[in-house]
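Trainee: coordinates only, no sequence provided:
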DNA sequence: GAGCACTGC
């Protein structure tokens, strides 16, 4: 450990001194600092009396003693209750407040609740490992933790660690480019999640357990979260749940994560591309010499539900065991290199935690199943007739199509069912289902009714349905795979992995013992892949590579990939980045690339945005509207019934544009944004997804703000509410700057062939140009399902395509 | 004539 660090830790044995001085400073961004400085003036007199600071005291208390450690002075509680519920955004009390105490919020009920929750927490399997985990992390920087679902790891681990000595902010001096800068390092724990809802709900739960308000509700809140469009933190946030993408974004601005003492990477087994990137960057951080953190180590806790930890251990061990000589050579240039610690323990601990699952009996199909919809139907009624109530059924299917097919069959059969049997309530569940319909699966079944939830793999990870005791697993799922050579995404039904099968089965044992019917043979099961194919092997890598380049990782081949993508895929992505001028010829990131990397868009859409900026404010605003639609799920709802369909077609007619889907989207955003009375009703009338449109408006707002900050848009242009006539030519030409290779021309037989590659492609039936014959088309997506489809299609002229393609060489 | 699931200052 570096000497200066050790000194500070020694000082901080005196809790009061360390906390009062140190706690406030490290985690804040300039904006927040401003706000707080204002407040600090009012607070000044109280700061000098550390004994009066109940908030820091609470931090020093070991987890186990929380319940006796939070006495609230009665007098205070009374004062507070008068103002209970007042919004925290208002000014804070003048005389009584101190830094990070919030007398506007009544903490008493929060603490009472936390006290009550402690009993539940103690029963979690992970709780008995608390001391072990703390001990191991005092000695080592990296820990791998296998915890089955229900072990409580996501909520408890941060609470075990937040009071550790190494989790305090440390004043350091950081030397960069010859300049020495004083900086606080550490103090905060980040826990990453693959999904936004998970990040938010975990934060809410942990705040309750810690007896603190959540996020920005109070400046004293110690638990916050950060997801796109929704960040809720306070100056005293010490535990922060965020999405992986958000942490990557933070790393773009602070590559050394100086706010944090520890990063907990949760749900690693899901292996999204963002988690792979995060782990790569973190490995570089823990194995590097940490001079960007003033020598303060960063603890990394990697958590996974599946026991496939060998590859992770190797991954981090290789990083830590990099030849000392190599490190020394780099360090020798540093003035204080000799103070750096190279003898800290390099081992990685692995900790396994039992889950809290009930036994689930597995029943395999005796013979291969050809029609899993039919097989599922039989088993549903078999269960319903034999098994006692309660006990809902969850069926895993591949997609909306099979879900709806089975839904009809079950409902049909149920009508001729013995009336003495309990009723059956069939509930479909898939992502494209409107929110209200999704909510129905969470409501308990009515009396004498068995719920049968027919789901895509949304219920495998994202959504937990309670009451389920019987799972039927078709053994398949739709998987998106990017095919490098063809440059297209395919969405095909594939067998799931063993770990996914186990995950699905586990859904039957959350509340009681259950059973899982697998619609495949045991032999088939044994032949399945062990784990899901990591997303990094299945997707277009251009965005990931641009992200790395923006962080100064120029040697892509030398980057520590947990799973290395094939060379061909990397090369293709680099070529694509070169094509849109995001990279210089030598492979270094260009100014354009750096700009694109900061946008929450794919590199191609980012390139389009920059191209539109060159075509004037009006064009840029229009292109932002369109890009917002393209980066959101489908904004047009699927029509189920024929009558509805016709009504929708009629209502949508005034939105449709003959130029294609891009201009149609622009019209939709314009009309929706102009709708002042009732946007929801408008959306329903036009069979437009209100939920999707809300995200569109969020993205639009975010992009407009970013463009203003980048001086691509002026406030004037943004505030000008009078609508201009869009220029389809400028808009579509802007798109061609990114999508010149996503074009096809009409050939004499009436079909379309891609201009690059000469492959057959058909206009997707969801397009407004479906069935139209045009000289040439440009499309947003090239997808293979039953055949090759172009989605998000507009008409373009061959000479524009030619110009755009020529511009690349 | 068609849409697995996630995600980004």
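Mentor: Received the coordinates, thanks. Here the structure is a predicted model, which is why all the values come from computation and not from measurement. Numbers count the residues shown, from 1 in each chain, chains lettered A, B, ... in the order given.

Trainee: and for the residue nearest to residue A:445 when sequence neighbours are not counted, the neighbour number?
Mentor: Nearest residue to residue A:445 in three dimensions, chain neighbours excluded: residue A:451, at 4.4 Å (Cβ to Cβ, 6 or more residues apart in numbering). C-beta coordinates here come from the backbone N, C-alpha and C atoms, glycine included. Using other Cβ atoms under 10 Å, residue A:451 is surrounded by 23 other residues.

Trainee: what helix or strand does residue A:451 sit in?
Mentor: strand A:449-455 (DSSP states H and E).

Trainee: on that earlier part again, which residues pair with the residue nearest to residue A:445 across the strands?
Mentor: With DSSP bridges as the criterion, residue A:451 is bridged to residue A:425.

Trainee: wait, doesn't it sit right on residue A:391?
Mentor: No: Residue A:451 is beyond contact range of residue A:391, at 9.4 Å (criterion: Cβ atoms under 8 Å).

Trainee: quick one: contacts for residue A:125?
Mentor: A:147, A:150-152, A:353-356 (Cβ atoms under 8 Å, 6 or more residues apart in numbering).

Trainee: ok, the residue of the stretch 251-400 of chain A found nearest DNA strand B - contacts?
Mentor: The minimum distance from the stretch 251-400 of chain A to DNA strand B, using Cβ to the nearest atom of the strand, falls at residue A:399 (3.1 Å). Residues near residue A:399 by Cβ under 8 Å, 6+ apart: A:430, A:456, A:478, A:493.

Trainee: measure the nearest residue to the second one once chain neighbours are set aside to DNA strand B for me?
Mentor: The one in question is residue A:456. In this structure, residue A:456 finds its nearest non-sequential neighbour in residue A:430, 4.5 Å apart by Cβ to Cβ, 6+ apart. Separation of residue A:430 from DNA strand B (Cβ to the nearest atom of the strand, to the nearest Å): 3 Å.

Trainee: report the contact partners of residue A:430.
Mentor: Contacts of residue A:430 by Cβ under 8 Å, 6+ apart are A:399-400, A:403, A:455-456, A:458.

Trainee: reformat those residues into a markdown table and put pLDDT next to each item.
Mentor: Shown next, in a markdown table, are those (pLDDT from 0 to 100):
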| residue | pLDDT |
| --- | --- |
| A:399 | 90 |
| A:400 | 88 |
| A:403 | 93 |
| A:455 | 94 |
| A:456 | 92 |
| A:458 | 88 |
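
Trainee: quick one: buried ones out of these?
Mentor: Neighbour-count burial (16 or more other Cβ atoms under 10 Å) applied to these gives A:399-400, A:403, A:455-456.

Trainee: ranges for the helices of the stretch 201-350 of chain A?
Mentor: All helices of the stretch 201-350 of chain A, identified by DSSP state H, counting those that start in this stretch, fall at A:244-253, A:273-287, A:310-320, A:324-331.

Trainee: comparing those helices, which comes out most buried?
Mentor: helix A:273-287 (a mean of 22; mean count of other Cβ atoms under 10 Å).

Trainee: just the mean pLDDT for it, thanks.
Mentor: Averaging pLDDT along helix A:273-287 yields 92.

Trainee: name the nearest residue to residue A:437, ignoring sequence neighbours.
Mentor: In space, and not counting its chain neighbours, residue A:437 is closest to residue A:428: 7.4 Å by Cβ to Cβ, 6+ apart.

Trainee: and that neighbour, what is it in contact with?
Mentor: Under the criterion of Cβ under 8 Å, 6+ apart, the neighbours of residue A:428 are A:400, A:403-404, A:407, A:437, A:453-455.

Trainee: of these, closest to residue A:663?
Mentor: Nearest to residue A:663 among the contacts of residue A:428, counting by Cβ to Cβ, is residue A:400 at 27.8 Å.

Trainee: tell me, how many residues neighbour residue A:685?
Mentor: For residue A:685, the tally of surrounding residues (other Cβ under 10 Å) stands at 13.

Trainee: hmm, back to that, between the contacts of residue A:428, which sits nearest DNA strand B?
Mentor: Each of the contacts of residue A:428 was scored against DNA strand B by Cβ to the nearest atom of the strand, and residue A:400 proved nearest at 3.6 Å.

Trainee: and the contacts of residue A:125, which is the shakiest by pLDDT?
Mentor: residue A:150 (74).

Trainee: so it is in which element?
Mentor: Assigned by DSSP H and E, residue A:150 belongs to neither a helix nor a strand.

Trainee: that one reaches residue A:509, doesn't it?
Mentor: No: using Cβ under 8 Å as the test, residue A:150 is too far from residue A:509 to be in contact (9.1 Å).

Trainee: give me the common contacts of those two.
Mentor: Shared contacts of residue A:150 and residue A:509 (Cβ under 8 Å, 6+ apart): residue A:357.

Trainee: okay, and the beta partners of the closest residue in space to residue A:790 that isn't next to it in sequence?
Mentor: Computed as Cβ to Cβ, 6+ apart, the closest residue to residue A:790 that is not its neighbour in sequence is residue A:779, at 3.6 Å. Beta-bridge pairing for residue A:779 (DSSP bridges): residue A:793.

Trainee: in terms of helices and strands, where is residue A:459?
Mentor: Counting by DSSP H and E, residue A:459 is part of helix A:458-461.

Trainee: and the next helix or strand after that helix, which strands flank it?
Mentor: Of the helices and strands lying after helix A:458-461 in sequence (DSSP H and E), the nearest is strand A:468-473. Strand A:468-473 has its sheet partners listed here by DSSP bridges as strand A:392-396 (parallel), strand A:514-518 (parallel).

Trainee: return the distance of the last one from the chain's centre.
Mentor: Okay, so that is strand A:514-518. 30 Å (Cα atoms, centre = their mean, to the nearest Å).

Trainee: pLDDT on it, on average?
Mentor: Here strand A:514-518 scores 96 as its mean pLDDT.

Trainee: who's in contact with that strand?
Mentor: Here strand A:514-518 makes contact (Cβ under 8 Å, 6+ apart) with A:358-365, A:379, A:383, A:391, A:468-473, A:475, A:501, A:504-505, A:508, A:525.

Trainee: of those, select the buried ones using a PyMOL command.
Mentor: Restricted to buried positions by 16+ other Cβ under 10 Å, the PyMOL selection for these reads:
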select buried, chain A and resi 360+362+365+379+383+391+468+469+470+471+472+473+475+501+504+505+508+525
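
Trainee: return a ChimeraX selection command for the buried portion of the contacts of residue A:125.
Mentor: To isolate the buried subset of the contacts of residue A:125 in ChimeraX, counting by 16+ other Cβ under 10 Å, use the following:
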select /A:147,150,151,152,353,355,356
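
Trainee: among the contacts of residue A:125, which ones are in helices?
Mentor: The helices, defined by DSSP state H, take in nothing from the contacts of residue A:125.

Trainee: is whichever strand or helix holds residue A:665 anywhere near DNA strand B?
Mentor: Residue A:665 belongs to helix A:661-674 when elements are defined using DSSP H and E. No: Helix A:661-674 lies apart from DNA strand B when judged by Cβ under 7 Å from any atom of the strand; the minimum separation is 12.3 Å.

Trainee: state the mean pLDDT of the next helix or strand after that helix.
Mentor: Sequence-wise, the next helix or strand beyond helix A:661-674 is helix A:679-685, with elements assigned using DSSP H and E. Mean pLDDT, computed over helix A:679-685, is 88.

Trainee: what's in contact with helix A:679-685?
Mentor: So helix A:679-685 is contacted by A:651, A:671-672, A:675, A:688-690, A:693 (Cβ under 8 Å, 6+ apart).
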